[in-house]
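Peer 1: Here is a sequence with its predicted model. Questions after.
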Protein chains: 2
Amino acid sequence: MALPRSEEKRIALLASAADIMAAQGLGASTASIARGAGVAEGTLFRYFATKDVLYNALYTHLKLDLAAALRQHMAVHDSLDGQVRALWDAYIDWGVSNLSFFKTLNQLVVSDKVTDETRCTVASQLSDIKCVAQACSDNNGLSALPGGFADAVFMALAETTIQFVVRDPANGQAYKSAGFRVFWSGSVR
Amino acid sequence: MALPRSEEKRIALLASAADIMAAQGLGASTASIARGAGVAEGTLFRYFATKDVLYNALYTHLKLDLAAALRQHMAVHDSLDGQVRALWDAYIDWGVSNLSFFKTLNQLVVSDKVTDETRCTVASQLSDIKCVAQACSDNNGLSALPGGFADAVFMALAETTIQFVVRDPANGQAYKSAGFRVFWSGSVR
DNA sequence: AATTAATGAGTGAGTACTCACAACAGGATT
DNA sequence: AATCCTGTTGTGAGTACTCACTCATTAATT
């Protein structure tokens, strides 16, 4: 073994992919992604055998990055309200300060390029966060509805909130509070 | 003039485009769209000079179709609550029963293929509906926030609600009420 | 017959992906 | 130290394919 394949380049490729896909959509060419990472196009295929493999690796990378950010700010609060609000704030903040990650992740989530296997593997590594979300869900008025409606509402409101905070940062705090109030006062029983 | 260019084929092409783009994304090929409409590929380009023209025509077509559906159900209610609820129901119902229209429209809304000019022209034809939305916005707690945050929250919640109604129609009414409650009790002051 | 709509094989640009080769970092041999 | 040797990474022109779009031809109507 002479040269170790550099983790650095792998990360650069993933970051470039997230940046360019955020701007151009998932159809962004492998040539432009490689150029953005400062490597030749062939090199991309040494790290990710096909573009589909890249999609799945990127999904995993972004989800785990988000999860790490959430964990850092998941202090234990006495009230459920406080706990959920901390989760909300951490989520919004991650989206705002990693906008291209956020945009690309949202595209990947609804794309059929990401396999069920990848989704499962990632979900299993996020059990601790899912746990908090579940506690929230169990104690609010949307829990009567099947299949993660509360989760989806949380995500939809967060996405909208992030868009507005980015577009008009001066009112960032106002959007953050308002978005949370819609979710919380609308869903609490 | 020997043959009139048929409005029928134009509609068929737009409908096919909406169907196929809902399934495959905006990148769906012109060949498949023409095939879906039962015409040759060349014919598509007689009706829409470029694919970008098609995108813009489709955006206009779908928005006006939605607007027509909303107008039909915009009975005058005494209470503001009733008025907004009627708008909400009409919107959800249109999305559920025209799912491919709804999906494609959502993609077009965030796409840069649709020009600002198209958006403006369409918006000017929707002034009556915008008026009701404005009356709602003026009387709720989100109106203090700039730039249509209330509108965006409405749309985001409606999108989520439609997804769940389609996935699980048995609980359709429950999702519809719950979605509206989140919007209304969360945003009313 | 005159005119225009409709057609679909053809065109060039762009795509994901390949592969023969260059560049390189050690360890072994002088 | 200086040289080869070996196995791996990095490269980018090349390949097969798909795409939006064209245009000479055919079909349809008055």
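Peer 2: Arrived safely, thanks for sending.
Peer 1: Give me the packing partners of the least confident helix or strand in chain A by mean pLDDT, helices and strands only.
Peer 2: Lowest on mean pLDDT, DSSP states H and E among the helices and strands of chain A sits helix A:127-138, with a mean of 78. If you count contacts as 3 or more CB pairs under 8 Å, 6 or more residues apart in numbering or on different chains; DSSP states H and E, helix A:127-138 packs onto helix A:51-72, helix A:80-97, helix A:149-167. Glycine gets a C-beta too; all of them are placed from N, C-alpha and C.
Peer 1: who in chain A is up against chain B?
Peer 2: With CB under 8 Å from any CB of the partner chain as the criterion, chain A comes near chain B at residues A:27, A:141-142, A:144-147, A:149, A:152-153, A:155-157, A:159-160, A:163-164, A:167-168, A:171, A:174-175, A:178-179, A:181-187.
Peer 1: Tabulate the helices and strands packed on helix A:127-138 (TSV), appending mean neighbour count.
Peer 2: Formatted as TSV, those follow (neighbours: other CB atoms under 10 Å in any protein chain shown):
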stretch	mean neighbour count
helix A:51-72	18
helix A:80-97	18
helix A:149-167	22
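Peer 1: Which one of those lies nearest to residue B:43?
Peer 2: helix A:51-72 (32.6 Å; CB to CB).
Peer 1: Poorly predicted segments of chain A, please.
Peer 2: Low-confidence segments of chain A (pLDDT under 70): A:1-4, A:78, A:136-137, A:139-144, A:188-189.
Peer 1: tell me, how many neighbours does the residue in it that DNA strand D sits nearest to end up with?
Peer 2: When scored by CB to the nearest atom of the strand, chain A has residue A:42 as its residue closest to DNA strand D, at 1.9 Å. Residues within reach of residue A:42, counting by other CB atoms under 10 Å in any protein chain shown, total 9.
Peer 1: same deal with residue A:187?
Peer 2: 25.
Peer 1: gap between it and residue B:58?
Peer 2: 35 Å (CB to CB, to the nearest Å).
Peer 1: coming back round to it: any chance of the helices and strands packed on helix A:127-138 in TSV, plus distance to residue B:93?
Peer 2: Formatted as TSV, those follow (distance: least, CB to CB, whole Å):
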stretch	distance to residue B:93
helix A:51-72	34
helix A:80-97	31
helix A:149-167	18
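Peer 1: For DNA strand C, find the nearest of those.
Peer 2: helix A:51-72 (3.2 Å).
Peer 1: is any part of that closest one close to DNA strand C?
Peer 2: Yes. Interface with DNA strand C: helix A:51-72 contributes A:51, A:52 (CB under 7 Å from any atom of the strand).
Peer 1: now that helix, how far from the centre of its chain.
Peer 2: 7 Å (CA atoms, centre = their mean, to the nearest Å).
Peer 1: Check which helices and strands it is in contact with.
Peer 2: Looks like helix A:51-72 contacts helix A:7-24, helix A:30-37, helix A:80-97, helix A:99-109, helix A:116-124, helix A:127-138 (3+ CB pairs under 8 Å, 6+ apart).
Peer 1: Going by neighbour count, which residues of the helix or strand that the second one is followed by are buried?
Peer 2: It stands for helix A:30-37. Sequence order places helix A:41-47 as the next helix or strand after helix A:30-37, per DSSP states H and E. Across helix A:41-47, burial judged by 16 or more other CB atoms under 10 Å in any protein chain shown covers A:44, A:47.
Peer 1: Would you mind pulling the contact partners of helix A:41-47?
Peer 2: Residues from elsewhere that reach helix A:41-47, judged by CB atoms under 8 Å, 6 or more residues apart in numbering or on different chains: A:5, A:9, A:10, A:13, A:30, A:31, A:33, A:34, A:35, A:37, A:54.
Peer 1: and the nearest residue to the second one once chain neighbours are set aside, what is it in contact with?
Peer 2: With CB to CB, 6 or more residues apart in numbering or on different chains as the measure, residue A:39 is the residue that lies nearest to residue A:9, at 6.1 Å, once sequence neighbours are left out. Neighbour list for residue A:39: A:9, A:12, A:13 [criterion: CB under 8 Å, 6+ apart].
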